[in-house]
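**Q** need coordinates for the following:
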Amino acid sequence: MKQIVPLAALMLIVPLSGCQQEPAGQAVTRIDISGSQGTEIAADGAVQSGDEAQTLVSSACTMIDFEGVPLTHCIADPAQHRIATAHSNNDDEPYGSLKALSDAEQGQDIAFAMNGGMFDPDGLPIGYYVESGERLAELDREDGQGNFYLKPNGVFYGTGGNWQIRTADAFYSTVSVRPTFGLQSGPMLVINGEMHPEIQDDGPSKVIRNGVGVDSEGKAHFVISETPLSFGQLARFFRDEIKTPNALYLDGNVSALWDPAQGRIDDRGPIGPMVLVENVEGG
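**A** Now for the predicted structure:
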C-alpha cells in the first residue's frame, strides 16, 4: 500500500553529494534555494525540521511511501505542461547539474526537472536524443554492457502534449516523424503492462533511482526514490500503483530533481541530459 504525503506539508531540504551508492538508511539531503535553512528527509521518510521552517506552495510533486521506500512522484499533465529536453548551454557546454540548468532558466515558468538518461564520460547522451526538434544523437540498437543495454531499452518522446514511451525496436519500426523531444535510456521497467523479463522482484542492487512512465490518459509520471531501492520495486510502483503500461528507467546514483515550487534542487552529479517540464500559460 502507498501513503501519499503532499510535499506542501514538507519543509525545504539541504546537498546530496557525490555519485556513490547510498548506504541503506542514509538521509537524503537537498540544496535550499529559498534563502532559509532547510530540512532533511531521513531514511525512514520522516522530516526533520531546520530553522526558519516555512509552509511551501503546492507543486506537481508529492511524496509517497511504497513498500517502505519514500518516493517523490511528479506528474506532467498535457493540459497544464509541456516537456523539453536540455543538455547544453548556448556555448554548447553541458550543464552537468540541475543547479546550472536552473541558473540558465531563471524567469521561465518551470514546474520541475529531472535527470533524463544515461551519458558518456564527456557528458554526452547515450542513444537517441532530440532537443527542440533537432536530433543530436541517433538511436542505439546495438548490444553492450550495463543498464542501458539490458534489452529491451526504450525511448521517451513527444511533441506538444502527446508523450509516449516505446521500446527502441518499436520506436525504430513505427515512428517516422521526428518528435520535438526524445531520449533513449534503459532498461524498460514496464512493457505493455508487464515487468521487464530480466528484472528481479527485489534484486540486491539498491541505489537512488528514477524513471518515467506514461499512463492511459497521456500523463507522464516521473518518480525518484529518496532512499535506495531495487529495480523491481521501482518497476512495481509503475506497474501496480500508477498503472503505466510502459515505463522507462532513467538512471541511478546520480538521480536528481529540481522542484522550484518546493525550493528543492538536488546537488548530485555530474548528470547528462535532463527533462524539463514547463507550465503552460492558461493551463
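**Q** spell out the residue ranges of the helices in the stretch 151-283 of the chain.
**A** 168-174, 231-236 (DSSP state H, counting those that start in this stretch).
**Q** okay if I get those as TSV plus mean neighbour count?
**A** In this view, the C-beta of every residue, glycine as well, is placed from N, C-alpha and C. What follows is the helices of the stretch 151-283 of the chain, written out as TSV (neighbours: other Cβ atoms under 10 Å):
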stretch	mean neighbour count
helix 168-174	15
helix 231-236	22
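**Q** of those, which is nearest residue 115?
**A** helix 231-236 (14.5 Å; Cβ to Cβ).
**Q** contacts for the closest one?
**A** 66-67, 69, 187, 189-190, 195-196, 199-203, 205, 209, 211, 223, 225, 247, 249 (Cβ atoms under 8 Å, 6 or more residues apart in numbering).
**Q** pLDDT of it, averaged?
**A** Average pLDDT, helix 231-236: 97.
**Q** what does stretch 69-87 give?
**A** 98.
**Q** ok, now stretch 141-157?
**A** Rounded mean pLDDT across stretch 141-157 is 95.
**Q** buried residues in it?
**A** 147-148, 150-157 (16 or more other Cβ atoms under 10 Å).
**Q** residue 93: neighbouring residues, count only.
**A** By the criterion of other Cβ atoms under 10 Å, residue 93 has 11 neighbours.
**Q** separation between residue 110 and residue 253?
**A** Relative to residue 253, residue 110 is positioned 24 Å away (Cβ to Cβ, to the nearest Å).
**Q** please apply the same query to residue 140.
**A** Residue 140 is 21 Å from residue 253, by Cβ to Cβ.
**Q** more neighbours, those two?
**A** Set residue 140 next to residue 253 and count neighbours by other Cβ under 10 Å: residue 140 wins out with 18 against 15.
**Q** list the contacts for that one?
**A** Counted by Cβ under 8 Å, 6+ apart, residue 140 has contacts 126-128, 148, 168, 184.
**Q** confirm it sits in a helix?
**A** No - read with DSSP: H, G, I helix; E, B strand; the rest coil, residue 140 is coil and lies in no helix.
**Q** please report phi then psi for it.
**A** In terms of degrees, to the nearest 10, the main-chain angles of residue 140 are phi -110, psi 110.
**Q** where does the stretch 1-150 of the chain dip in pLDDT?
**A** Flagging of the stretch 1-150 of the chain using pLDDT under 70 yields the residue ranges 1-57.
**Q** do that again at 50, thanks
**A** Along the stretch 1-150 of the chain, segments meeting pLDDT under 50 span 1-56.
**Q** what segments of it are helices?
**A** Under DSSP H, counting those that start in this stretch, the stretch 1-150 of the chain gives helices at 98-104.
**Q** so where do the strands sit in it?
**A** Applying DSSP state E, counting those that start in this stretch to the stretch 1-150 of the chain gives strands spanning 2-6, 31-32, 40-41, 47-48, 61-66, 69-76, 81-86, 110-115, 129-131, 134-137.
**Q** mind putting those strands into a markdown table with mean neighbour count?
**A** Formatted as a markdown table, the strands of the stretch 1-150 of the chain follow (neighbours: other Cβ under 10 Å):
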| stretch | mean neighbour count |
| --- | --- |
| strand 2-6 | 12 |
| strand 31-32 | 20 |
| strand 40-41 | 19 |
| strand 47-48 | 14 |
| strand 61-66 | 20 |
| strand 69-76 | 22 |
| strand 81-86 | 21 |
| strand 110-115 | 25 |
| strand 129-131 | 23 |
| strand 134-137 | 14 |
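**Q** now these in a markdown table, with distance to residue 98?
**A** Supplementary listing: those in a markdown table, determined by distance: least, Cβ to Cβ, whole Å:
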| stretch | distance to residue 98 |
| --- | --- |
| strand 2-6 | 22 |
| strand 31-32 | 9 |
| strand 40-41 | 17 |
| strand 47-48 | 21 |
| strand 61-66 | 14 |
| strand 69-76 | 13 |
| strand 81-86 | 10 |
| strand 110-115 | 6 |
| strand 129-131 | 16 |
| strand 134-137 | 20 |
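**Q** and residue 271, which of these is closest to it?
**A** strand 110-115 (4.3 Å).
**Q** now restrict the contacts of helix 231-236 to buried residues only.
**A** 66-67, 69, 187, 189-190, 195-196, 199, 209, 211, 223, 225, 247, 249.
**Q** done for today, thanks.
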